[in-house]
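Peer 1: Pasted the sequence and its predicted model underneath.
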Amino acid sequence: MKIAILGKPFDDEAAPAIQALLDDLAARKAEVLIGEAFRTFLDNRLRLPEGTTEFRRGDSLRGVQYVLSIGGDGTLLDTVTYVGSLQIPILGIHTGRLGFLATITPDRIAQAIDALYKGHFNIEERSLIRVDTDPDVFGSLNFGLNEFSVLKRDTSSMIVVHTYIDGEYLNSYWADGLVVATPTGSTGYSLSCGGPVMLPQTNNFIIAPVCPHNLNVRPLVVSDQSVISFEIEGRSTSYMLALDSRSLPVEASVQIAVRRETFNARLVKLNHVNFLSTLRSKLNWGLDRRNPAGIQL
């Protein structure tokens, strides 16, 4: 089996579990590829499988069966950009903080690898958001798993985001910014803006203003078959565009349109993990003394 690994630096507490993972892959005679920056981190700390090779952004991962993302949710978001249209299944191993997307804890790594080899897992298809701009801003990495945001920059003044759906005027948002989130991103930035939680299979986007100046303006759920476009104005001549963890300043004249990407991210989920159980464990749903004793959280 050919397995690629991407990751971020982890603390000493996680090191034994990661070493056990590498030893397990070596024992199974897996062909292992490790991202260049992560390999540099590992080289002086852990023992790598014999024959391990490295790769960098832009190298083809064609032929790889699975990609392991070691870190937090931000690491998994970055991993999606490496995989792109190849749609290689991604297994998120959680050594970060929240772990909403990366759900495999270090103590379950051995179980997860065994499940990969035996086929005892499910694949969750997660829709992506695509951003087209003129002039081009994000280059070939113009897609994301969580959300796209338009935000004010270098000023305390609000911006106005004129928003259109399929060319039809929706609203002018007077706010600090505007977020367009996928169902996966509904538990991210959009949630802190008062947006709803959506199940991953929901074919929608959420349009959520950031700190709107109008109390009657609320997040809106729209079909992800829509094309959402924007015009921005304000006292500043430049603004910030953010796509997941990537952000860049742009001039006010930039033209922006977002839509659903033509390919998905494919996340590996073990049989004991699903979205509803993740909601309960990460958002503490069900922690209510009125619930029946012994209820599964």
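Peer 2: Alright, I've got the coordinates. Residues are numbered from 1 along each chain as shown.
Peer 1: C-alpha from now on. contacts and neighbour counts both.
Peer 2: OK.
Peer 1: Could you tell me which helix of this structure is the longest one?
Peer 2: Secondary structure of the chain per DSSP state H: the longest helix is helix 15-27.
Peer 1: What's the first helix or strand after that helix?
Peer 2: Per DSSP states H and E, the first helix or strand lying C-terminal to helix 15-27 is strand 31-35.
Peer 1: Quick check: what element follows that next one along the chain?
Peer 2: In N-to-C order, the element after strand 31-35 by DSSP H and E is helix 36-43.
Peer 1: What residues sit buried inside the next helix or strand after that next one?
Peer 2: Downstream of helix 36-43, the first helix or strand assigned by DSSP H and E is strand 53-55. Neighbour-count burial for strand 53-55, counted by 16 or more other C-alpha atoms under 10 Å, picks out 54, 55.
Peer 1: just checking, what packs against strand 53-55?
Peer 2: strand 31-35, helix 36-43 (3 or more C-alpha pairs under 8 Å, 6 or more residues apart in numbering; DSSP states H and E).
Peer 1: and the ones you listed as JSON lines, adding mean pLDDT, mean neighbour count and distance to residue 77?
Peer 2: Formatted as JSON lines, those follow (pLDDT from 0 to 100; neighbours: other C-alpha atoms under 10 Å; distance: least, C-alpha to C-alpha, whole Å):
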{"stretch": "strand 31-35", "mean pLDDT": "96", "mean neighbour count": "20", "distance to residue 77": "15"}
{"stretch": "helix 36-43", "mean pLDDT": "95", "mean neighbour count": "16", "distance to residue 77": "16"}
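Peer 1: So which residues of the stretch 151-297 of the chain form helices?
Peer 2: 189-192, 275-282 (DSSP state H, counting those that start in this stretch).
Peer 1: quick one: the last one to chain centroid distance?
Peer 2: It refers to helix 275-282. Remark: helix 275-282 is offset 17 Å from the chain centroid, using C-alpha atoms, centre = their mean, to the nearest Å.
Peer 1: For the longest helix of the chain, name the packing helices and strands.
Peer 2: Looks like helix 15-27 contacts helix 109-118 (3+ C-alpha pairs under 8 Å, 6+ apart).
Peer 1: quick one: the most centrally placed residue in the chain from residue 169, how far?
Peer 2: With distances taken as C-alpha atoms, centre = their mean, the residue of the chain nearest its centroid is residue 77 (3.5 Å). Distance, residue 77 to residue 169, using C-alpha to C-alpha, to the nearest Å: 31 Å.
Peer 1: for residue 8, same thing?
Peer 2: From residue 8 to residue 169 the distance is 42 Å (C-alpha to C-alpha).
Peer 1: same check, this time on residue 200
Peer 2: 28 Å.
Peer 1: Those two: which is more packed in?
Peer 2: Neighbours per residue (other C-alpha atoms under 10 Å) separate residue 200 from residue 169, with residue 200 holding more: 17 against 13.
Peer 1: thinking the more buried one is in contact with residue 185, fair?
Peer 2: No: using C-alpha atoms under 8 Å, residue 200 is not in contact with residue 185, being 9.2 Å away.
Peer 1: coming back round to it: hey, least reliable of the helices of the stretch 151-297 of the chain by pLDDT?
Peer 2: Here the lowest mean pLDDT among the helices of the stretch 151-297 of the chain goes to helix 275-282, at a mean of 83.
Peer 1: Alright, calling it a day.
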